[in-house]
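Here is my input; please provide its structure:
(chains A, B, C and D)
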There are 4 protein chains.
Amino acid sequence: MTRRVALITGGMGGIGTAICRRLASTNGNAVVANCLPGYEHKDAWLDKVRAEGFDNVYAAEGDVANFESVGEMVKRIESDIGPIEVVVFNLGAQIGDRALKDTSYKAFEVGWRLATFALFRVASSVCPLMEERGKGTILVTSATAAVRGNAGQHSHAAAMGGRRMLCQTLNAEFSKKGIHVAHILIDGAVDAPDTLGKMLGPEGFAQLRTSRGKEHDGLLLPAEVAETYFHIAQQHRSAWTHEIDLRSFSDRPWWNH
Amino acid sequence: MTRRVALITGGMGGIGTAICRRLASTNGNAVVANCLPGYEHKDAWLDKVRAEGFDNVYAAEGDVANFESVGEMVKRIESDIGPIEVVVFNLGAQIGDRALKDTSYKAFEVGWRLATFALFRVASSVCPLMEERGKGTILVTSATAAVRGNAGQHSHAAAMGGRRMLCQTLNAEFSKKGIHVAHILIDGAVDAPDTLGKMLGPEGFAQLRTSRGKEHDGLLLPAEVAETYFHIAQQHRSAWTHEIDLRSFSDRPWWNH
Amino acid sequence: MTRRVALITGGMGGIGTAICRRLASTNGNAVVANCLPGYEHKDAWLDKVRAEGFDNVYAAEGDVANFESVGEMVKRIESDIGPIEVVVFNLGAQIGDRALKDTSYKAFEVGWRLATFALFRVASSVCPLMEERGKGTILVTSATAAVRGNAGQHSHAAAMGGRRMLCQTLNAEFSKKGIHVAHILIDGAVDAPDTLGKMLGPEGFAQLRTSRGKEHDGLLLPAEVAETYFHIAQQHRSAWTHEIDLRSFSDRPWWNH
Amino acid sequence: MTRRVALITGGMGGIGTAICRRLASTNGNAVVANCLPGYEHKDAWLDKVRAEGFDNVYAAEGDVANFESVGEMVKRIESDIGPIEVVVFNLGAQIGDRALKDTSYKAFEVGWRLATFALFRVASSVCPLMEERGKGTILVTSATAAVRGNAGQHSHAAAMGGRRMLCQTLNAEFSKKGIHVAHILIDGAVDAPDTLGKMLGPEGFAQLRTSRGKEHDGLLLPAEVAETYFHIAQQHRSAWTHEIDLRSFSDRPWWNH
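Below you'll find the predicted structure:
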């Protein structure tokens, strides 16, 4: 029997890991978490998730942003595990606030490579396969910076703005062919020790958590975010969502500030 | 044991009925469909839904647009059935395309009463109760006209644009108090014989259906739309959606035309 | 020789008066400022503006929001002064921040009457005349509340959201017929003693002014705002603006907060 | 006496040339049109514009997209001609509609280099100078693709979406320092034989023109577009526009399709 395969870029941390778990918890799914070639925590991550009982989770190395390795990785997954039905594109590109003069040409370009170009490459690799099979789903994690710029966000906003427009062009070409692309705007801080936690440092992160309520649910809880990814991946093609936002109840939406 | 009560305005047709069924299919829920006082098909509708096995569905008469009856209806429901946790505000206000000269003052005002003012009145009635209990959900069906005007849509677009901005103000005041307001933009035609079907007539509707594929899923299928309403009503408060769109895979999003 | 006539609702205060002056300063223009019937400062306002040398400015009483008087006023102006080429719809509907429970049904409805319905009535009166002549311009003053809701803005945002969508429907029907409708979003406080000044009181307003720089240009200066209204009224039909925003250099755009 | 200097990238064709003329027609202005190093029509263009009487127009070679030459060009202009007060960033990046599979990695990247990265480099070069002088204006030509994606526009939309978000981040950092960045959305075909004309070929372009009315004003006329650029360059800092759109009266705005 063919398994339903999901590929998750940026799958070994933050909401990526939570999405892996959520998708893997359904019978008959196989979930492949992508990481950079040579990523040192790959085995530890995989061991941990499998120890939780998810023996249908796999790891795949491949640099979706910089090298020609996306296509090869996709082929490898399709032949070893099965046809990819769902891609969760979950690479972040936040480099923190930097004034224009402190934003190097390189930093600006790296933002674009991660946020926009990598999505283009992944889509270029999987869309032809999905088109042939008449179905597929691409869930794209995005950020507030995709819909408004803010001081210091030169690299991030330009890159995420490109990401959102790319999602719209992909939909315009592929939705009638059965491929569902959804732009998921995460509007707020995520309760993720392994991503935001590293950026803020242990003390800063502990302080943030405490400030957001006893259950930290003033932050976006990854497991809850994953529920909505799962729902959108399940939507019947007669009622697809193309754009959706997520934030904590105690955060103001970006337009209300 | 207290039941979780949902109130659905515009609940006796189209996606409203499908949402009733979906919410009622969960144990412990009670679902109240609202209709106008004296609505002639009320009993037939209720009999039909109950015959399907949903004995936790109720009907409540009340004119949410024109009279002071909303508050009374809400009180009645709260005392007879239980505290209202979820409101699905599902009144349409589409009157078809009309040139400006054919849009009477009355037609313009009626659009606003149904689309904007009725939501304001319902919110004014239920928000204080939900605030006291520290939780509640208001799911608001909306339309493409809420985000762009088009020729002939003077009444509808002005009314729906107001509806969307009202949802944003409600969220700005109440989300931190635990009340979740979601604006759900239905972007396309719904496979609903009892609403769109009546507007188009039997032949027109049959023709539309046929043109949208063997399973009509080029139209929005009410039962599938209802899945997303149900999901949003279930979202944990750490990951709420405020704005979401829904359309068939074969329809172009409004921005792609 | 026929004069080019402009009608300005909300013309006797704030940016309205500045727009009157700017339009009247061009040879061959006649400018009619509209006020409510019986407005006590009408003559003083007219005397003052005429004393500045603008003998081509007129006053016209008429309630554009509540009564059937718009059509009559338009007819009177067309027969007494000349065909109306430009309408500046400049009625505000801000009632200050009010919690939902403090927003009466009446306050909510009044916001809509001023912001949305009055524009519909004015458009219904002048568009047929402009259509017959194959040209016309309607400049609509609007506010940030037209594009996002905020706490306390239930009435204002619902009303202004409707105003914007109405502008888009008017354009969709009439731009190809030579009628130009522009939605002008004023995003910030205006240096207007006779409008904002009254709302804040003399001390509050003086304090605000002082805080916004020696020349108060951290506020929107009415004469400068009027320059852009004048420019848009002059645009050739091959290059029309439909939506534009205006704010002081030192204010953040609404999306940057 | 110091002259007010404007630099126009993409200045030797289409609306760029018209903007050169409009800015140069004001006494005391000097206008520098930028072209690629070695551009073969540079001298002919300059001769033509000067023959029209604009002896205050200059040419400057420099590749704003690919090489380190922006900074040097800016320095050269500042020392030879005067401090740059206005930049018109007018580089297009439209490559026509291409399916995803026909959009090479290179084409995708070139779009971004022209539309997004070049603006970042120009801004990085001129903003520090403008900041020091406490004033400056950057007018950015943009396209519908900046606000919605469409089939075949993968490269263009991703690039222009980035351009718009970059404009917003620039404003967020620099408007309070006296630098005005305006995003000008050209929503339609321009009556430009030297740009659109080349893309369509002589016959195709002649046919398009004829179809758009006797005076072609169903197309955007460059000289009229330039009037609005000129107006925005003149806006007083108390009333700045950050986002504006332009289209012909007979074209539908992008949201009305």
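
Report the contact partners of the nearest residue to residue A:116 once chain neighbours are set aside.
Excluding the flanking residues, the one nearest residue A:116 by CB to CB, 6 or more residues apart in numbering or on different chains is residue A:162, at 3.8 Å. Any C-beta I mention is one placed from the backbone N, CA and C, and that applies to glycine too. The contact partners of residue A:162, taken as CB atoms under 8 Å, 6 or more residues apart in numbering or on different chains, are A:112, A:115, A:116, D:112, D:116, D:158, D:159, D:161, D:162, D:165.

sec struct for residue A:162, please.
helix (DSSP: H, G, I helix; E, B strand; the rest coil).

Roughly how far does it sit from chain C?
Here residue A:162 is placed at a distance of 17 Å from chain C (CB to the nearest CB, to the nearest Å).

So for that residue, what's the pLDDT?
Listed pLDDT for residue A:162 reads 98.

cool, and the one 5 residues further on?
Per-residue confidence (pLDDT) for residue A:167: 98.

At the geometric centre of chain A, which residue sits there?
With distances taken as CA atoms, centre = their mean, residue A:90 lies nearest the centre of chain A, 1.4 Å away.

Now for that residue: which residues touch it?
A:8, A:9, A:10, A:11, A:15, A:16, A:19, A:141.

What is the burial count for the fourth one?
I take that to be residue A:11. Residue A:11 has 28 neighbouring residues, counting by other CB atoms under 10 Å in any protein chain shown.

residue contacts, the closest residue to it other than its chain neighbours?
Of all residues beyond its chain neighbours, the one nearest residue A:11 is residue A:33 (3.2 Å), with distances taken as CB to CB, 6+ apart. Counting by CB under 8 Å, 6+ apart, residue A:33 touches A:8, A:11-12, A:16-17, A:20, A:45-46, A:49, A:57-60.

re the thing from before, drop anything exposed from the contacts of residue A:162.
Among those, those classed as buried by 16 or more other CB atoms under 10 Å in any protein chain shown are A:112, A:115, A:116, D:112, D:116, D:158, D:159, D:161, D:162, D:165.

Among these, which lie within helices?
A:112, D:112, D:158, D:159, D:161, D:162, D:165 (DSSP state H).

and the gap between the first one and chain D?
It stands for residue A:112. 6 Å.

State the distance from the residue nearest to that residue when sequence neighbours are not counted to residue D:117.
If the residues on either side of it in the chain are set aside, residue A:112 comes closest to residue A:159, at 4.8 Å by CB to CB, 6+ apart. Per CB to CB, to the nearest Å, residue A:159 is found 11 Å from residue D:117.

Over to residue A:184?
26 Å.

Residue A:8 too?
Distance from residue A:8 to residue D:117, by CB to CB: 29 Å.

who has more neighbours, these two?
Neighbours per residue, other CB under 10 Å: of residue A:8 and residue D:117, the larger number sits with residue A:8, 28 against 24.

okay, now residue A:189: neighbour count?
So residue A:189, with other CB under 10 Å, has 20 neighbours.

pretty sure it is in contact with residue A:196, am I right?
Yes: if you go by CB atoms under 8 Å, residue A:189 and residue A:196 touch, sitting 6.0 Å apart.

what do those two both touch?
Common neighbours of residue A:189 and residue A:196 (CB under 8 Å, 6+ apart) are residue A:208.

The stretch 1-150 of chain A: strands as residue ranges?
Assigned strands in the stretch 1-150 of chain A, in chain order: A:4-9, A:29-35, A:57-61, A:84-89, A:136-143 (criterion: DSSP state E, counting those that start in this stretch).
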